[in-house]
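Enquirer: Next comes the sequence, and after it the predicted model I'd like to discuss.
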Amino acid sequence: MFEIYFVRHGETEWNLKGILQGSKNSHLTEKGKEQAYKLRDKLEGIHFQGIYTSPLRRAAETAEILRGHRDEPFYIVDDLKEMSFGDMEGIPKTEFKALQPEAYDNLWNDPLSYNPEPFRGERFQDVDKRIMDFIKNLVVNHPEGGKFLVVSHGMTLKMIFSHIWKHGLDKYWNDPVPENTSVTIVSYKNNEFSIEKFSDTSHLD
């Protein structure tokens, strides 16, 4: 059995303020840390072949909390970063909309037409390639299977799940963004990925 437990980082300060985070760092709120500790308790007893995290602070801090006293291998992976918004990072979404109205509209409504080059951002296609390269390498490097914990970001994780659901970029926003510290369990068998549980936040109840 090959299973990947995908986790989105805990709530951040910029989540609350409506600020675009992208590849910039934002601290977890106290609530975000509490969310991660609750998830750690829920995952206790599950042995992972490896823990993989984005290097961005909000994800890495979440992963460190989940790791606790575990002795599983711990990897920091650049490909797990959030989508970069270039010069539009670190500002409120309303300011992004005012500065780049066409790009802002396409970001949320027409990913295929989204062009972030003027502000040095990352295209959806770029995120798609790097994140799927990571997934393919994970499978190839662990032919024995096992369980793996992966901590990343909303839009990056959403890209993976869109692939599994076989939704093209034109349907990217049809699917929900996973919640903070939610767990999405993906299995891989017979050369096929499938989502067994999506955006589970039962540890927060």
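Expert: Yep, that arrived. Numbering: from 1, shown residues only.
Enquirer: contacts, neighbours, all on C-alpha from now
Expert: Fine.
Enquirer: Which strands and helices lie in contact with the strand ranked longest in the chain?
Expert: Taking DSSP state E as the assignment, the strand of the chain that covers the most residues is strand 192-200. Applying 3 or more Cα pairs under 8 Å, 6 or more residues apart in numbering; DSSP states H and E, we find strand 192-200 packed against helix 154-164, strand 183-189.
Enquirer: Tell me which of the ones you listed lies nearest to Lys97.
Expert: Nearest of the helices and strands packed on strand 192-200 to Lys97, taken as Cα to Cα: helix 154-164 at 18.3 Å.
Enquirer: Who are the packing partners of the closest one?
Expert: If you count contacts as 3+ Cα pairs under 8 Å, 6+ apart, helix 154-164 packs onto strand 2-8, helix 124-141, strand 192-200.
Enquirer: Quick one: mean pLDDT over that helix.
Expert: Helix 154-164 shows a mean pLDDT of 96.
Enquirer: what angle sits between that helix and strand 2-8?
Expert: Here the directions of helix 154-164 and strand 2-8 differ by 150 degrees (axes from the mean of the first three to the mean of the last three Cα atoms, to 10 degrees).
Enquirer: so what's Asp128 closest to, chain neighbours aside?
Expert: Leaving aside its chain neighbours, Asp128 sits nearest to Met159 (6.3 Å; criterion: Cα to Cα, 6 or more residues apart in numbering).
Enquirer: quick one, what contacts the one you found?
Expert: Contact analysis of Met159 by Cα atoms under 8 Å, 6 or more residues apart in numbering lists 127-128, 131, 172.
Enquirer: Pro53 pairs with what?
Expert: You called it Pro, but residue 53 is Thr. Following DSSP bridges, Thr53 is listed with bridge partners Ile76, Val151.
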